[in-house]
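[1] Mind folding the following:
(one chain, ligands or ions: 2)
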Amino acid sequence: MDVPFPPFATGLSAPAAPPRAPGEAPIPATGAWREGDEPGRRRFADLGAFELEAGGRLPAVRVAYETWGELSPDGSNAVLVLHALTGDSHVTGDAGPGHRTAGWWRELVGPGLPVDTDRYFVVAPNALGGCQGTTGPASTAPDGQPWGGRFPFVTTRDQVAVEVALARALGIDGWELVIGGSMGGLRALEWAVQGPEAGVEVRNVAAIATTAQVGGDQIAWSHPQLAAIRADAGFRDGDYYDAPDDAGPHRGLAIARQIAHATYRTSSELDTRFGRLPQGGENPFDGGRFAVQSYLDHHGDKLARRFDANSYVVLTQSMNSHDLGRDRGGVELALSGISTRTLVVAVDSDRLFPPEQSARLVRGIPHADPLRIITSDYGHDGFLVEGDQLAPIVGEFLAGT
Ligand SMILES: CC(=O)SCCNC(=O)CCNC(=O)[C@H](O)C(C)(C)COP(=O)(O)OP(=O)(O)OC[C@H]1O[C@@H](n2cnc3c(N)ncnc32)[C@H](O)[C@@H]1OP(=O)(O)O
Ligand SMILES: N[C@@H](CCO)C(=O)O
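    Ligands and ions are numbered 1, 2, ... in the order given. Next up, the predicted model:
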């Protein structure tokens, strides 16, 4: 006998309190950077039309990027830094006008640091499909409306094809280093294959907390995140940009971030840091929360204020698309064709991009240095939190060039 599916089986489409504390500012429909907002340090490159791997087309792609340092006369000192899922072009420097967060690799990139902006010309673009100035779902489509749910499927390869065009637009025909973590690492690896094919030399690659091929476990964790966003009544199939404050898909995005954030950390950290502690004066047995629930609420709500739900979907799908071996004879063959000197770094406690996946890169890439390991209680986020370990590793790698 068929049992009717209850309309609020998940509870997610039921009316929900907006994810903000009393007295906090309302949340606009999107946390995307929009034309007319304060640009901060961003500059923009208009790169024209792109045909996409999955069959879509973007008639006018704009990339937001930041640079530090000066390109040398022979062009030999350019470094490309690629951000993770919710990162942006603001690699180093403070938060401030135009930049909601401080630089996410400020221990690594800056004057006198391993990626020394007194020596290198550092370029950091916001990825295609993102929401911090580069063309993405919140951008205006040719009909004058936001792309919204119509934004086409974008793969890691498309993102790198756009970054190749950015290099050309900046007059860069080779990178001394392409470095990225997590989703940025996926693009760094794709650069090692696609860059030389496209005539842009890649002399060194650093792939941090990443993988040659996003696998079943990573796709599985992303699935409920995408479902949470799509199940939010405020998502409206991606066409929510005209929604009033607090009526956007914040709850779905916040839940997606909570699921993701737990995968970015470790069970031992959550157990030792929070354990069974109740949150403040709350009673978890009477409608209150455990401290760890409050912690996840905080991270979810914070992302809902600074990010765009559609970009979260588009970028998550782009990560799921990542398979260095697709149409290249498989992962091992693709890795064996990489001629670039490569640094691979894993976080020992990373349960999302586990060290075995980094070891596979080292085994497969002919000119890979031995695997370097960051020791951390923080899991995948160790690639951001453990800057004091990552910076010397990258410094040693660059010193060996
Ligand atoms: C390349 C890129 O990836 S760019 C994107 C990276 N940046 C982000 O993702 C921004 C979101 N932040 C994060 O993911 C992480 O905070 C990191 C990785 C950047 C840093 O991690 P940590 O320094 O270990 O911070 P942690 O995870 O402990 O979070 C601290 C926050 O939790 C809050 N918090 C801690 N305990 C609780 C609790 N019981 N209840 C509510 N909030 C709590 C803190 O007040 C603090 O808030 P704040 O960030 O608003 O100041
Ligand atoms: N904290 C990182 C984790 C994903 O690598 C981000 O939000 O991008």
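[2] ok, now how distant is residue 240 from ligand 2?
    According to Cβ to the nearest ligand atom, to the nearest Å, residue 240 and ligand 2 sit 21 Å apart. C-betas here are computed from N, CA, C, even on glycine.
[3] ok, that residue - contacts?
    29-30, 148, 234, 247-249, 309 (Cβ atoms under 8 Å, 6 or more residues apart in numbering).
[4] just checking, residue 385 touches residue 377?
    No: between residue 385 and residue 377 there is no contact under Cβ atoms under 8 Å: 9.2 Å.
[5] what about those two, which has more around it?
    Shown here are residue 385 and residue 377; by other Cβ atoms under 10 Å, residue 385 has more neighbours (19 against 16).
[6] show me the contacts for the nearest residue to the more buried one once chain neighbours are set aside.
    Nearest in space to residue 385, with sequence neighbours left out and distances taken as Cβ to Cβ, 6 or more residues apart in numbering, is residue 378 at 4.8 Å. For residue 378, the contact set (Cβ under 8 Å, 6+ apart) comprises 265-266, 269, 347, 349, 385-386.
[7] Please narrow those to those residing in strands.
    residue 347 (DSSP state E).
[8] Kindly indicate the member of the contacts of residue 378 with the most neighbours.
    Ranking the contacts of residue 378 using other Cβ under 10 Å puts residue 347 first, with 31 neighbours.
[9] Tell me the bridge partners for it.
    Taking DSSP bridges as the rule, residue 347 bridges to residue 374.
[10] distance between the ends of stretch 196-206?
    16 Å (Cα to Cα, to the nearest Å).
[11] and it, is it in reach of ligand 1?
    No: residues of stretch 196-206 are not located near ligand 1 by Cβ under 6 Å from any ligand atom, the shortest gap being 13.4 Å.
[12] Now that stretch: buried residues?
    For stretch 196-206, burial by neighbour count (16 or more other Cβ atoms under 10 Å) applies to 196, 200, 202, 204-206.
[13] pLDDT and secondary structure added to those, as TSV?
    Output for these, formatted as TSV (pLDDT from 0 to 100; DSSP: H, G, I helix; E, B strand; the rest coil):
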residue	pLDDT	secondary structure
196	97	helix
200	98	coil
202	98	strand
204	98	strand
205	98	strand
206	99	strand
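[14] What lies in contact with the biggest strand by length in the chain?
    When the chain is parsed with DSSP E, its longest strand is strand 57-68. Outside strand 57-68, the residues that touch it by Cβ under 8 Å, 6+ apart are 33, 41-52, 88-92, 109-110, 117, 121-126, 128, 132-135, 139, 142, 152, 162-163, 165-166.
[15] among the residues you listed, which ones are buried?
    33, 41-42, 45, 47, 50, 52, 88-92, 109-110, 117, 121-126, 128, 132-135, 139, 152, 162-163, 165-166.
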